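J.: I would like the atomic coordinates for the input below:
(2 chains)
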Amino acid sequence: MASPSVLTPQSEDFPKWYQDIVAKAEMADNGPVRGTMVIRPYGYAIWERIQASIDERIKRTGAQNAYFPLFIPESYLSKESEHIEGFSPELAVVTHAGGEELAEPIVVRPTSETVIGEFMAKWIQSYRDLPLLLNQWANVVRWELRPRLFLRSSEFLWQEGHTAHASAEDASAYAMRIHLQVYNDFLEKVLAVPTFLGIKPPSERFAGATNTMTCEGMMRDGKALQMATSHELGQNFARAFDIYYQSEEGQAELCFTTSWGASTRLVGGLIMAHGDDNGLVLPPAVAPWVVVVIAVREDEEVLAACQQLNEVLSSQGLRTQIDDGRRGSFGRRVTDWEMKGVPLRIEVGPRDLAQGLVTVVRRDTGEKFPVALTEVVDLVESLVGQIQDDMYAAATAFRDERTKDVNSLDEAILTAQSGFARLAWDLVGENGEARLKAEAMTVRCLQRADGAIPDNELEEGLVAIIAKSY
RNA sequence: CGGGGCGUAGCGCAGCUUGGUUAGCGCGCCUGGUUUGGGACCAGGAGGUCCCGGGUUCGAAUCCCGGCGCCCCGACCA
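T.: Predicted coordinates:
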């Protein structure tokens, strides 16, 4: 029986497909205030796995977690002129509290460079205090005109790292380390999303940064998504907040700072990088449940077999969920689990069971394996790694198919209708960026010819990655 | 902030043009039963300030005026 599709097909209306999946996989709802988001348990479970993976990597680089306040004096934002200019259109400002108008308005943090800068100045006295490596997990508010769940909401959750260093070289090296060993490693190994790494052209830089690095992923509609960014802030914030240290020679020296972040947007990226017309497709590393054991029918023997299997699998450290059949017909339950993107399902029914078999099915390829009960654990364990690898390979193949080297802006505009164009940066220029803007396209990042991250946009022979984006 | 569209049950919608019994339909939900190897079926049932305010009228979901909200498409952002 061919069942009608539950979702709007991607090919018909990609944004609608995305909205459908967020609702039907029970990821999130719109909050009561426009632009706010209620993250439902399944969506939050995915976020928690993302958090854990990133947090572990951050700590490996030596940074420590801390927490800074949600409310920031408006005057702080104004201390760095580019920063305030960049953020003022998106600020939520508290003017009244305690029943009275406030003497100084309070800003709800859009990011925390300013408060953290203030405290870095207090905490850093000597070169011995450097580098100071901080991170916080928090919510931030940037008022959005056109919100979309996970991708762009007025309030979102993220991690923001803030560091201070004695030299530009040290700051730069640390930002690069975060970019490669935290973000890119996480994206490749956990989310199974290949990226283009590079620096933002000056027009796309973070407000107040001297250099912004980005990880650009390709979604199933060929558009780009910025999945994480790392900024070198030079001495801009150090100067604004008096972040000085005393050198070995006894001189007062300005610090060099960095900041870097990744947000709940990653959940949106995960959906759009791997999802298909049957719903989410989750790489095992980020899936709340790697395996669901499904009873084909409510039958004592079947249920007993399911429970036993479930126990064996979880004793092997696999995150499993059992579906005992009380929630409706088999077909319906299967489509629900597919919608949620669980990487593997094990169907346990009387027919197979009579022969000592169960059926293992891969979510990513749809392949079915009849397998002896005694061999299920081994098969599942090998498939988990296989699926993770295959999904990365499939996403890479998809991205490469839709990425083209081009020789002119006209060609780039054509290619970027449905993918990424690689064009020599020299051939873009200021007029080029304006023309791209008119086509709803941007230079996503600048790379060296071999794909490496350049030091700055003035290097010779850089390549611009051009695409539409979220 | 520009351009479109829409507010009627949890969700999706019809009804409005041409005002008139108790406001319908599908999905979902509850109860009972039969089912269950790819979105099951039968029977019964619960659920509504028809976005808000005002006006016209014997009578407004429907007509008029004014608000508010939401969604989609564009300019800014993670």
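
J.: quick one, what contacts the residue in the stretch 1-150 of chain A positioned nearest to RNA strand B?
T.: Residue nearest to RNA strand B within the stretch 1-150 of chain A (C-beta to the nearest atom of the strand): A:V6, separated by 2.1 Å. Just so you know, the C-beta spots here come from the backbone N, C-alpha and C atoms, and that holds for glycine as well. With contact set as C-beta atoms under 8 Å, 6 or more residues apart in numbering, A:V6 has these partners: A:20, A:24, A:278-279, A:335, A:339.

J.: With A:S259 instead?
T.: By C-beta under 8 Å, 6+ apart, the residues touching A:S259 are A:111, A:113, A:160-163, A:206, A:209, A:230-231, A:233.

J.: From A:L458, how far off is the residue most central in space within chain A?
T.: The centroid of chain A falls nearest to A:L266 when counting by C-alpha atoms, centre = their mean (2.3 Å). Going from A:L266 to A:L458 by C-beta to C-beta, to the nearest Å gives 31 Å.

J.: just to revisit the earlier point, leaving out the residues flanking it, which one is nearest to the residue nearest to the centre of chain A?
T.: Once flanking residues are discounted, A:L266 sits nearest to A:I50: 5.5 Å by C-beta to C-beta, 6 or more residues apart in numbering.

J.: Kindly report the same for A:F87.
T.: Leaving aside its chain neighbours, A:F87 sits nearest to A:P110 (5.0 Å; criterion: C-beta to C-beta, 6+ apart).

J.: got it, and A:E347?
T.: Nearest non-adjacent residue to A:E347, counting by C-beta to C-beta, 6+ apart: A:T359, 4.3 Å away.

J.: That neighbour is in contact with A:E367, isn't it?
T.: No. With contact defined as C-beta atoms under 8 Å, A:T359 and A:E367 do not form a contacting pair (10.6 Å).

J.: So for the two, which residue has more residues nearby?
T.: Using other C-beta atoms under 10 Å as the criterion, A:T359 and A:E367 rank with A:T359 on top: 17 against 10.

J.: For beta bridges, what are the partners of the more buried one?
T.: A:E347, A:P370 (DSSP bridges).

J.: Identify the residues contacting it.
T.: A:346-347, A:349, A:352, A:368-371.

J.: Quickly note the distance from it to A:I387.
T.: Remark: distance between A:T359 and A:I387 (C-beta to C-beta) = 16 Å.

J.: Show me chain A divided up by domain.
T.: Here the domain parsing of chain A from automatic domain parsing is A:14-274, A:291-383, A:403-467.

J.: possible to save these as JSON lines with mean pLDDT and distance to A:P283?
T.: Shown next, in JSON lines, are those (pLDDT from 0 to 100; distance: least, C-beta to C-beta, whole Å):
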{"stretch": "domain A:14-274", "mean pLDDT": "93", "distance to A:P283": "4"}
{"stretch": "domain A:291-383", "mean pLDDT": "95", "distance to A:P283": "7"}
{"stretch": "domain A:403-467", "mean pLDDT": "92", "distance to A:P283": "21"}
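
J.: For A:W337, grab the count of nearby residues.
T.: By other C-beta under 10 Å, 20 other residues sit near A:W337.

J.: ok, now A:E85?
T.: Close neighbours of A:E85, defined as other C-beta under 10 Å, add up to 13.

J.: quick one, what contacts it?
T.: Going by C-beta under 8 Å, 6+ apart, A:E85 touches A:A207.

J.: Name the secondary structure element that contains it.
T.: A:E85 is part of helix A:81-87, with elements assigned from DSSP states H and E.

J.: which ones are touching A:E381?
T.: A:316, A:318.

J.: Phi first, then psi, for it.
T.: Phi and psi for A:E381, reported as degrees, to the nearest 10, are phi -60, psi -40.

J.: separation between it and RNA strand B?
T.: Taking C-beta to the nearest atom of the strand, to the nearest Å as the measure, A:E381 falls 21 Å from RNA strand B.

J.: what's the answer for A:W289, then?
T.: Distance of A:W289 to RNA strand B, given as C-beta to the nearest atom of the strand: 17 Å.

J.: pretty sure that residue contacts A:I322?
T.: No. Counting by C-beta under 8 Å, A:W289 stays clear of A:I322, with 9.7 Å between them.

J.: Please tell me I have it right and the residue nearest to the centre of chain A contacts A:L191.
T.: Yes. In this structure A:L266 lies within contact range of A:L191 using C-beta under 8 Å: 6.9 Å.

J.: What parts of the stretch 151-300 of chain A come near RNA strand B?
T.: A:151-154, A:156, A:158, A:204, A:206, A:226, A:228-229, A:261, A:263-265, A:278, A:296-298 (C-beta under 7 Å from any atom of the strand).

J.: Inside strands: which ones of the residues you listed?
T.: Within these, residues falling in strands by DSSP state E are A:156, A:158, A:226, A:228-229, A:261, A:263.

J.: Show me which of the residues you listed is closest to A:I54.
T.: Minimum separation from A:I54 among those (C-beta to C-beta) is found for A:A228, which lies at 8.7 Å.

J.: count of neighbours near that closest one?
T.: The tally of other residues near A:A228 (other C-beta under 10 Å) stands at 28.

J.: And the one helix or strand the residue nearest to A:L266 maps to, what does it pack against?
T.: In this assignment (DSSP H and E), A:I50 forms part of helix A:41-60. Counting by 3 or more C-beta pairs under 8 Å, 6 or more residues apart in numbering; DSSP states H and E, the packing neighbours recorded for helix A:41-60 are strand A:132-141, strand A:155-165, helix A:185-189, helix A:265-274.

J.: 10 Å instead?
T.: Of the remaining helices and strands, those touching helix A:41-60 by 3 or more C-beta pairs under 10 Å, 6 or more residues apart in numbering; DSSP states H and E are strand A:28-30, strand A:37-39, strand A:64-65, strand A:132-141, strand A:155-165, helix A:185-189, strand A:256-263, helix A:265-274.

J.: and it, how far from the chain's centre?
T.: With C-alpha atoms, centre = their mean, to the nearest Å as the basis, helix A:41-60 stands 10 Å off its chain's centre.

J.: Please apply the same query to stretch A:125-142.
T.: The gap between where stretch A:125-142 is centred and where its chain is centred comes out at 21 Å by C-alpha atoms, centre = their mean.

J.: how about it: buried residues?
T.: A:127, A:130-136, A:138, A:140-142 (16 or more other C-beta atoms under 10 Å).
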